[in-house]
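A.B. asks: Here is my input; please provide its structure:
(2 chains)
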2 protein chains.
Amino acid sequence: MSRWEPNARGRLEQAALELYVERGFDQTPVAEIAKRAGLTERTFYRHYADKREVLFGDGTTLPTLLANAVIETPDSIAPIDAVAGALEHWGELIQERRAGALRRQVIIDANAELRERELTKLATITLAMAGALRERGVQEPTASLAAEAGIVVLKVAYARWISATGSPDLPQMIRESFRELKSVTAGE
Amino acid sequence: MSRWEPNARGRLEQAALELYVERGFDQTPVAEIAKRAGLTERTFYRHYADKREVLFGDGTTLPTLLANAVIETPDSIAPIDAVAGALEHWGELIQERRAGALRRQVIIDANAELRERELTKLATITLAMAGALRERGVQEPTASLAAEAGIVVLKVAYARWISATGSPDLPQMIRESFRELKSVTAGE
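C.D. replies: Below is the predicted model:
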């Protein structure tokens, strides 16, 4: 980032989200995003590979963050609790960004291609966490079931968080949803 | 189906799966599928809306079947067991079609667009089962968690079933995976 473009990435993200809401994702050219942010197309492509990356990240940062959090969990912790801890850690990181998360979800929900991409992103995260559990010596199918169960909780907790009123606490909602999943699978 | 085209649907399906494996999904025109089946393109389109429908069905039959199975379950049965019962019922229906299921999975795994479509299909099934549970008076988030947990089990059990040797029993694998998910979420 040069000194002539303070917070270029953040400005591009904000401009992109505004335009995706106003015009729709498909109808927003990169040139318009750059223009609204007061930057050039070239600067856009220095920060993002394409229009989708503004919404989904680079496809490796989040899976890697969660996998590392799982790997760093002490072996004495049960697989499902290692997954829960990783997701709560992520919840803390994005807790302050709820307005942006809600706007992002509105954009994704309006577009079939983006919804499919979101599902693929979740599948990638699942595979990364299952792989991290196997690295810790967890056997299959426990590793996959724990990772998949984590994504179930993530989806439910995240949807509640972005649509809640007041100042909902995402890590707490994740913990609560894990407890609920436990009750549900126990047939309660 | 006219008497000149006995089992046209089955012949088209078999021809399509063979060609998708041999040439790849994208490289297989409908004309080639019809030709290999000894039928016309017009007949193909009488049975399938497009090439993807051979792999994924019409998008409503399976969600409806599972939702109906959930709705018909007595109210005394816990939500997770209603979902398990519906999936076991489906498992019985496809138990005899493992060779085709394996071939289908090889085709899907080889193509990013088809993998995304598969995830969307599973999401549609999840929504249908969660909706069926709500119709039975199950509250949220229990309804969504039970339906999502069912899909987790389905994915794990199905993957084991198609890759197993011998004569694996899908309904039994589904029951077993539900038990394993229960252990995993309990932190065992």
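A.B. asks: ok, now which ones touch residue A:47?
C.D. replies: By Cβ atoms under 8 Å, 6 or more residues apart in numbering or on different chains, residue A:47 lies in contact with A:8, A:9, A:12. The C-beta positions use only the backbone N, C-alpha and C, and glycine is treated the same way.
A.B. asks: any idea what sits nearest the second one, other than its immediate chain neighbours?
C.D. replies: Same thing as residue A:9. For residue A:9, ignoring the flanking residues on the chain, the nearest one in space by Cβ to Cβ, 6 or more residues apart in numbering or on different chains is residue A:47 at 4.7 Å.
A.B. asks: Show me what from chain A comes close to chain B.
C.D. replies: Proximity of chain A to chain B, by Cβ under 8 Å from any Cβ of the partner chain, involves residues A:78-81, A:115-117, A:119-120, A:123, A:141-142, A:144-146, A:148-149, A:152, A:155-156, A:160, A:177-178, A:180-188.
A.B. asks: In helices, which of these fall?
C.D. replies: Residues from the residues of chain A next to chain B lying in helices, with DSSP state H as the criterion: A:79-81, A:115-117, A:119-120, A:123, A:142, A:144-146, A:148-149, A:152, A:155-156, A:160, A:177-178, A:180-185.
A.B. asks: Which of the residues you listed are buried? Put it as a ChimeraX command.
C.D. replies: Buried subset of these, written as a ChimeraX selection, criterion 16 or more other Cβ atoms under 10 Å in any protein chain shown:
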select /A:79,80,115,116,117,119,120,123,142,144,145,146,148,149,152,155,156,160,177,178,180,181,182,184,185
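A.B. asks: Now residue A:11: which helix or strand?
C.D. replies: helix A:8-23 (DSSP states H and E).
A.B. asks: my bad, residue A:26
C.D. replies: Using DSSP H and E, residue A:26 sits in no helix or strand.
A.B. asks: The one 5 residues further on now?
C.D. replies: Counting by DSSP H and E, the secondary-structure element that holds residue A:31 is helix A:30-37.
A.B. asks: so how far is residue B:118 from residue A:123?
C.D. replies: In this view, residue A:123 and residue B:118 are 10 Å apart by Cβ to Cβ, to the nearest Å.
A.B. asks: what does residue A:165 give?
C.D. replies: 36 Å.
A.B. asks: can you check residue A:109 too?
C.D. replies: The value you get for residue A:109 to residue B:118, if Cβ to Cβ is used, is 20 Å.
A.B. asks: repeat for residue A:28
C.D. replies: Computed as Cβ to Cβ, the residue A:28 to residue B:118 distance reads 28 Å.
A.B. asks: Report the contact partners of residue A:170.
C.D. replies: Applying Cβ under 8 Å, 6+ apart, the residues near residue A:170 are A:91, A:92, A:94, A:95, A:98, A:157, A:158, A:161.
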